[in-house]
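Q: Generate coordinates for the sequence data below:
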Amino acid sequence: MREDRVSLFPKIITILVLIFLMAPLLVIVLASFSPTVLVVFPPKGFSLEWYANIFDSSTNFVSGFGNSMKVALIATAIDIVLGVTAALAVSRYKFRGKNMLIAFFTSPMYVPSIAFAFVLLRIFSMIGGIPAFLRILLGHTVIIIPYIIRNTIAVLAGYNWLLEDAAASLTASPYQTFMKVTLPLIKPGILAGALLSFLYSFDEAVLGSLLSSPKFITLPIRIMNYMEFSFDPTLAAISTLLILMSLTSIVLMERLIGLDMFLK
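A: Alright, predicted model coming up:
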């Protein structure tokens, strides 16, 4: 009986924490269907007007979404190549300064985004003539690469390098060994790191606020600009769509590699 009481308390705490975390999301979702201009909860009716407003040309949310997707996809693709290569190099060989090199690769995680953005802004201002898309892409490429490196290194920690020697003894070329042996075994870590990198790049607002231009603005900056002049349920509607996008990514990750690897 006492054990049941002890086990019941953590369950209650867990449920309360979940309610505390999910309640704001529920408010946002319900407010997005409000028929009134003011954000009220609970909504006094049902309307899809604000979802339609997202696609209105005056809000520019569609163009901002396209810009964010383009930057996030390209930056993630570049960092998969660079990050996996770096992770393989530091994991396969033992050398002096290895831990220091890993710390260097992951250092962008510990540098405040605003400080890094100011440094980039200073450098690009001195060079001049660099398009906003390229400025933001270079910045995102640097700040998201630690997630791919860390996840790949985590998988390689339990990797048996003798498998590559066995493949080489069977006349497999280095390319064949990587594609047929190494890549399938480390793919879960790469996918987990790629998803984290993509989501971080897509939602990043600090670099975009300093490095964007009127011709190229990402979605988070579009949302911030919209909030300066309007505060209607359109913001709740686009937030709901972004929540659905994140949930879809989590479900996809669970189907591909499982959430255990993602959480590691």
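
Q: and the residue nearest the centre of the chain, what is it in contact with?
A: What sits nearest the mean C-alpha location of the chain, by Cα atoms, centre = their mean, is residue 199, with 2.0 Å. Contact partners of residue 199, counting by Cβ atoms under 8 Å, 6 or more residues apart in numbering, are 72, 246, 249. All C-beta atoms are positioned from the backbone trio N, CA, C, and that covers glycine.

Q: State the helix or strand in which the second one lies.
A: Secondary-structure element containing residue 246, defined by DSSP states H and E: helix 234-256.

Q: repeat for residue 155
A: Going by DSSP H and E, residue 155 is in helix 132-156.

Q: and the gap between residue 84 and residue 139?
A: Residue 84 is 21 Å from residue 139, where distance means Cβ to Cβ, to the nearest Å.

Q: likewise residue 199?
A: 16 Å.

Q: By mean pLDDT, which helix or strand of the chain comes out lowest?
A: Within the chain, confidence by mean pLDDT, DSSP states H and E is lowest for helix 259-263 among all helices and strands, at a mean of 55.

Q: in the stretch 1-150 of the chain, which spans are helices?
A: 2-31, 49-54, 61-92, 98-106, 113-127, 132-156 (DSSP state H, counting those that start in this stretch).

Q: I'd like the ones you listed laid out as JSON lines, including mean neighbour count, distance to residue 240 and mean pLDDT.
A: Shown next, in JSON lines, are the helices of the stretch 1-150 of the chain (neighbours: other Cβ atoms under 10 Å; distance: least, Cβ to Cβ, whole Å; pLDDT from 0 to 100):
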{"stretch": "helix 2-31", "mean neighbour count": "11", "distance to residue 240": "5", "mean pLDDT": "78"}
{"stretch": "helix 49-54", "mean neighbour count": "16", "distance to residue 240": "8", "mean pLDDT": "86"}
{"stretch": "helix 61-92", "mean neighbour count": "18", "distance to residue 240": "13", "mean pLDDT": "91"}
{"stretch": "helix 98-106", "mean neighbour count": "13", "distance to residue 240": "34", "mean pLDDT": "87"}
{"stretch": "helix 113-127", "mean neighbour count": "13", "distance to residue 240": "26", "mean pLDDT": "87"}
{"stretch": "helix 132-156", "mean neighbour count": "22", "distance to residue 240": "25", "mean pLDDT": "91"}
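
Q: which stretch among those helices comes nearest residue 230?
A: Smallest distance to residue 230 across the helices of the stretch 1-150 of the chain (Cβ to Cβ): 9.8 Å, for helix 49-54.

Q: now that closest one, how far from the centre of its chain.
A: From the chain centre to the centre of helix 49-54 is a distance of 26 Å (Cα atoms, centre = their mean, to the nearest Å).

Q: Other residues contacting it?
A: 32-35, 59, 61-62, 232-234, 236-238, 241.

Q: Thanks a lot, see you next time.
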